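>>> My questions are about this predicted structure, shown below with the sequence.
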There are 2 protein chains.
Amino acid sequence: MTVQDAHTSAPEPGGNGNGPIGWHKDHLTGSRPDLRVPVRRVHLTNGRDVTLYDTSGPYTDPTVDTDVRRGLAPLREGWITGRGDTGEYDGRPPRPEDDGLRATGPGGGLRNLDAVFPGGPRRPRRSRDGSPVTQLAYARRGEITAEMEYVALRENVSPETVREEIAAGRAVLPANVNHPETEPMIIGKRFLVKVNANIGNSAVTSSIEEEVEKMTWATRWGADTVMDLSTGRNIHTTREWVLRNSPVPIGTVPLYQALEKVDGRAEELTWDIYKDTVIEQAEQGVDYMTVHAGVLLRYVPLTARRKTGIVSRGGSIMAAWCLAHHKESFLYENFEELCEILAAYDVTFSLGDGLRPGSVADANDEAQFAELRTLGELNTVAKAHGVQTMIEGPGHVPMHKIKENIDLQQEICEEAPFYTLGPLTTDVAPGYDHITSGIGAAMIAWWGTAMLCYVTPKEHLGLPDRDDVKTGVITYKIAAHAADLAKGHPGAQEWDDALSDARFEFRWEDQFNLALDPDTARAFHDETLPAEPAKTAHFCSMCGPKFCSMKISQDIRRRHGGEMEEIEAGMAEKSREFAAAGNRVYLPVTD
Amino acid sequence: MTVQDAHTSAPEPGGNGNGPIGWHKDHLTGSRPDLRVPVRRVHLTNGRDVTLYDTSGPYTDPTVDTDVRRGLAPLREGWITGRGDTGEYDGRPPRPEDDGLRATGPGGGLRNLDAVFPGGPRRPRRSRDGSPVTQLAYARRGEITAEMEYVALRENVSPETVREEIAAGRAVLPANVNHPETEPMIIGKRFLVKVNANIGNSAVTSSIEEEVEKMTWATRWGADTVMDLSTGRNIHTTREWVLRNSPVPIGTVPLYQALEKVDGRAEELTWDIYKDTVIEQAEQGVDYMTVHAGVLLRYVPLTARRKTGIVSRGGSIMAAWCLAHHKESFLYENFEELCEILAAYDVTFSLGDGLRPGSVADANDEAQFAELRTLGELNTVAKAHGVQTMIEGPGHVPMHKIKENIDLQQEICEEAPFYTLGPLTTDVAPGYDHITSGIGAAMIAWWGTAMLCYVTPKEHLGLPDRDDVKTGVITYKIAAHAADLAKGHPGAQEWDDALSDARFEFRWEDQFNLALDPDTARAFHDETLPAEPAKTAHFCSMCGPKFCSMKISQDIRRRHGGEMEEIEAGMAEKSREFAAAGNRVYLPVTD
């Protein structure tokens, strides 16, 4: 599949030759005509509609002609320019090493011009006077931005609730002024739990085309943000394609690219190279950046007796740098300058947990919590600079140690959004770590984690392919939705109720269309009962007609409805007798 | 695959042409030479062994020549006869309707003689004088049976702990005197969390051969018990094959077969037909039976306003019967007689939750908890008759309502083992209900559930095939092991630690061999890095060599080990200074 074909991987609403899709893209319009929030309307066969949150972007909108070579329309452009606090400027000129190419030597300096995003680099935008142009700064001033109104409509809450949560630092709305294509979304514990999908080529395999396609594929299944963790060649160019075509916020770990620029030698990293990379990525439009500024020199020895040492790539790179120079982390030492840069583009911090545990044995240890305390301090510094901030969390944590993670993080980081990887609840199931971690993810999200970073079945073993990305996203959407239900998020249960109604009433097509993954639900049903009449049958292949409990249950209601009312009335009487008799239940068999 | 070939599906230790398996079957010997407890010894490349619990039976023992037409060796026979409290008798003669065949009419009464288990029906065994021959009765008398010693070795606890837990009714050891082939195992919250896999043909599809093969397949991946839920033709014969070849306890729902005998007309069920079916199955050797005796006439109307009514097959059948006759359940009315039958064979009760919720909307409602209170009373009655008893639980339950289920069950049922189906934490993901339920299963097991009934990806949609059975079992083994870890089960973490050590030291083969599913782990690794040298490479395809955090982490230890010690020593000093300075962490960037 080529980049040119990538958009055709998105579903075509209204029919794609494989039967009716059963839903269409719709929009909720806000206070201004250009504020149109996408939703998925599922049409039920009983004439009702169910409205679901939609992350798939314009790719699923038949009224929009998407073209990956042109990119998505910059829907936020008017809002950004309208605020008048940013201006265009001559950006940093592109360099060969941005794409992992050497300036000299064999093949040096050659950019793959065919791969460069058409139209060339745009002029980037930043704060006119250096003051923060962040949603946090606006929220604190009492301003409800178009972005805030957008997410309020999306989450079915009041715009003032959105503003309050952002102003208090309990939520972030990642939206770089150079990524006007993004459809605003919010990450915070008062809102729907969000899911991030990682994509990214590596030194070993993958290509630009695949990365763009993975992004559209991940958002098609419900990824709320995508992190581009590319580490091989063409990093800059890949990211440009991804950003220009992404309807969701894009996150990165700038350290990865910085390391490529020094050819993988951690000790050669400098603040200047790192800072230059951050600016390069901010100008492109990266919405949030993972920064491992909490890995301090004095914490590294705390990992020496660990079972699995340091398992965060960024964490291990910074630890190597600190020890090689016997100096404090340049990220920590220059954190305030970093804040100023991020504030000028509205890049959100994702303060990385470089010392997260990589095995259940290492969970909740001194290294991990020492770093968390430092992240808490950095969170305060970032907020003082008006930078939106979330905090990353583990990792591998057995179930009984999960709650301590979210409770400590919320306390230490003043309720800043927690963004966790899993956690994996056991180490023994490589090949199934979407499941070992989906368990932990659901629990920690119930207890307050705002965004979950997905884990695919390939974790610890290899690079995820298309199927792995889908499995990872679906698993994490399950975890997120299970948490929304457990938190009593308003409206969350309507979806379950609609599906359960369809199930009880044998509306098979509705059941498929309401499913998190309609294709798989339909395919599994058809495997044993492929005939079209089976789609309206009042049973399924599991139990067959005689044993279908739902069929029997319906028959009971039909045949004995009146009788049940009588018994129920009688029961009220019995209940009074029962209470009068001292609440001992009648039991004919006793010994 | 035919029955004759079924045993070849079991793994062949020592090598199967696809590379070394890396483990072998071993046995722990108890106080008598015929008390040999199977274990799996995984041989690590560093010369160490890891011993794991093994459910796969003699099929993985190269010293045993298995033949499904002969069945497994009756390893408990000597223990059972040695107790002298049971005797053989002329069993109930087989009848055509046992296999769902009509006595008269076209094709009536014809048994498929080729399918009958070779050697014909054995003479069954039961209590000589009607007094209970149950592990519960022995435990109460202070006797430690061979079966108890066997599970003590298996669980690495003292035989007295096993006896105490059984005597107190907090654990069951399902072991029908007519299933001497079974390798004893225990179900109780003080022991490893167990997993049940359902198999069973249905009116729509499947065959005897497939069911036997599903059983060996499920136990090969770790199923601790198997329920045969067949509902179509050949029920009796299928069960005979399954029992004679099963190293794990077999459970059934006798109501399903009873319903077949009245041609699917629930209202025609009688206590006599049901009782005859229970005896038929007890004589064959069924180890535990689900009995929906808690579905009372007066509870049925409580389901009238539910979203999904009654979703248990047994529950809906009994509800239909109660309403059709406007009489109390014949299971409830004859419960004491049923206890006497089960006590005479040591069949364990699994008191079914016929009114379990089938949607998150119906969770923890009046119908469900009313039935649970009745199950609590029946538990007391069963125990009075010396019958081992566990209690079944839901179902569909959102995360925040799960704990109430186990807490109430433990309180009402005097800590009898809880045996739950999931619970599913959301209704919106048909096709992924192994995951929606695996989340709930891990949580409820952590909180005290003793056995988890697996859910496959086909739940709600179709009959599980071989791959679904494997996926279901693996998912539930993850949930069970995550719970063992969270409960701090002695020795549980050793497995994780061994795997994490292998991971950190790049011992890829050890990592695969220790994995819950070595085949999948190996295949996923080979997909991106198939070359043999990659099996010893100090990185994987995810990050490549430059970004491998574990590699960097190891380098740090190698290159900076001494320095880390110095820093650590310095830190102790710093720590004192820090405390002296009022515990404020040094922070160079402030605002």
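Happy to help now that I have it. Residues are numbered from 1 along each chain as shown, chains lettered A, B, ... in the order given.

>>> can you map out the strands along the stretch 401-550 of chain A?
Using DSSP state E, counting those that start in this stretch, the strands of the stretch 401-550 of chain A run over residues A:418-421, A:451-453.

>>> so can I have TSV of the ones you listed showing distance to chain B?
C-beta here means a position set from N, CA and C on the backbone, and glycine is covered the same way. Formatted as TSV, the strands of the stretch 401-550 of chain A follow (distance: least, CB to the nearest CB, whole Å):
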stretch	distance to chain B
strand A:418-421	13
strand A:451-453	12
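
>>> Buried deepest among the ones you listed, which one?
Using mean count of other CB atoms under 10 Å in any protein chain shown, the stretch among these with the largest mean neighbour count is strand A:451-453, at a mean of 28.

>>> And the contacts of it?
Contacting residues not belonging to strand A:451-453 are listed as A:187, A:193-196, A:198, A:224-225, A:227, A:390, A:392, A:417-422, A:441, A:444-445, A:476, A:479-480 [CB atoms under 8 Å, 6 or more residues apart in numbering or on different chains].

>>> quick one on the thing from earlier: now the strands of the stretch 401-550 of chain A as JSON lines including distance to residue B:310 and mean pLDDT?
Converted to JSON lines, the strands of the stretch 401-550 of chain A look like this (distance: least, CB to CB, whole Å; pLDDT from 0 to 100):
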{"stretch": "strand A:418-421", "distance to residue B:310": "39", "mean pLDDT": "98"}
{"stretch": "strand A:451-453", "distance to residue B:310": "35", "mean pLDDT": "98"}
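
>>> Redo those as JSON lines? Include distance to residue A:404.
What follows is the strands of the stretch 401-550 of chain A, written out as JSON lines (distance: least, CB to CB, whole Å):
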{"stretch": "strand A:418-421", "distance to residue A:404": "12"}
{"stretch": "strand A:451-453", "distance to residue A:404": "18"}
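
>>> What are the structural domain limits within chain A?
As assigned by the TED database, chain A contains the domains A:76-487, A:540-590.

>>> Number of residues surrounding the residue lying closest to residue A:179 once chain neighbours are set aside?
Closest residue in space to residue A:179, ignoring its immediate chain neighbours: residue A:285 at 3.3 Å, by CB to CB, 6 or more residues apart in numbering or on different chains. If you count neighbours by other CB atoms under 10 Å in any protein chain shown, residue A:285 ends up with 28.

>>> residues in contact with residue A:285?
A:176, A:178-181, A:243, A:250.

>>> Drop anything exposed from those residues.
Neighbour counting with 16 or more other CB atoms under 10 Å in any protein chain shown marks A:176, A:178-181, A:243, A:250 as buried within these.

>>> Specify which member of those is nearest to chain B.
residue A:250 (19.4 Å; CB to the nearest CB).

>>> Tell me the pLDDT of that closest one.
In this model, residue A:250 is scored at 98, pLDDT.

>>> Quick check: it touching residue A:178?
No: with contacts counted by CB atoms under 8 Å, residue A:250 stays clear of residue A:178, the gap being 10.7 Å.

>>> what phi and what psi does the backbone show at the closest residue to residue A:160 other than its chain neighbours?
Excluding its sequence neighbours, the residue lying closest to residue A:160 (CB to CB, 6+ apart) is residue A:144, at 7.0 Å. With angles defined as degrees, to the nearest 10, residue A:144 sits at phi -100, psi 110.

>>> Ok, the one 4 residues further on next?
Residue A:148 has phi and psi values of phi -70, psi -40 when expressed as degrees, to the nearest 10.

>>> what's the neighbour count on it?
24.

>>> Hmm, it is touching residue A:163, no?
Yes: Residue A:148 is within contact range of residue A:163, at 5.5 Å (criterion: CB under 8 Å).

>>> low-scoring stretches of the stretch 251-400 of chain A, by residue?
Along the stretch 251-400 of chain A, the model assigns pLDDT under 70 to no residue.

>>> Touching, residue A:477 and residue A:221? I think so.
Yes: if you go by CB under 8 Å, residue A:477 and residue A:221 touch, sitting 7.2 Å apart.

>>> Who has more neighbours out of those two?
A count of neighbours by other CB under 10 Å puts residue A:477 above the other of residue A:477 and residue A:221, at 27 against 21.

>>> Test for you: state the pLDDT assigned to the more buried one.
98.

>>> How about the backbone phi and psi for the nearest residue to it once chain neighbours are set aside?
Among residues not flanking residue A:477 along the chain, residue A:222 sits closest, at 4.5 Å (CB to CB, 6+ apart). In terms of degrees, to the nearest 10, the main-chain angles of residue A:222 are phi 120, psi 10.

>>> those helices in the stretch 201-350 of chain A, which residues are they?
In the stretch 201-350 of chain A, helices defined by DSSP state H, counting those that start in this stretch lie at A:208-220, A:235-244, A:254-261, A:271-284, A:313-325, A:330-333, A:335-345, listed in chain order.
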